[in-house]
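Chemist: Below are the sequence and a predicted model; questions follow.
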Amino acid sequence: MSYLSQVKKATPQAPVITIVGFAGAGKSSLAGLFPNPIFIQAENAATVFETMQGDIQPAFFPQLPSPHASAKRTVKTSEVLFEQLRELVTEQHEFKTVVIDTITALNLLFEQEVVEFDNNPNTSNIGEAAG
C-alpha cells in the first residue's frame, strides 16, 4: 500500500484550552460564555454567575467532594470526577463545552486523595505518599 493512498484531510477536533490568570481576573466568567457550558466544580464556581439571568447561566455538576478515607474508604474525588466525565461521554445532553473550575483546586483534591488513601497511616503529605 502506498503512502499516497493513505493521504487524508484534517478532521475538526474539539479544542482544549487552558485559561490562566489571577484570582478574580474573569477566567470562569469567560468560560461561561463558551457554547452551552457545563462546569465540573473542584471549587464553588456557581457564585460567579448568581447575578446572571437563569436562562443564560451555565450548568454545574455538584461540587467535587473532598476525599475521605475511612475503614470503608468511601469517598474518592477521582471516582466522582470520572463518573461525571463518563456521563458526559456516554449520555445524550445539550452541553458543548466542559469547564473544569479550577485545575489548581482539582490538583489539591487529588493530592489530598493520594494522602488520605495511602496505605501508610502515618502519611501526612504528598511527598511522603509518593516517596
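Modeler: Sure thing, it's come through. Residues are numbered from 1 along each chain as shown.
Chemist: Please name the nearest non-neighbouring residue to the spatially most central residue of the chain.
Modeler: Centroid check for the chain by CA atoms, centre = their mean gives residue 100 as the closest residue, at 3.6 Å. Once flanking residues are discounted, residue 100 sits nearest to residue 40: 4.8 Å by CB to CB, 6 or more residues apart in numbering. Bear in mind the C-beta positions are built from the backbone N, C-alpha and C, glycine included.
Chemist: Next secondary structure after the helix or strand hosting that neighbour?
Modeler: Using DSSP states H and E, residue 40 sits in strand 37-41. Once the chain leaves strand 37-41, the next helix or strand it forms, by DSSP H and E, is strand 59-60.
Chemist: Go ahead and measure how far that following strand is from the middle of the chain.
Modeler: Strand 59-60 has its C-alpha centroid displaced from the chain centroid by 12 Å (CA atoms, centre = their mean, to the nearest Å).
Chemist: Alright, I will stop here.
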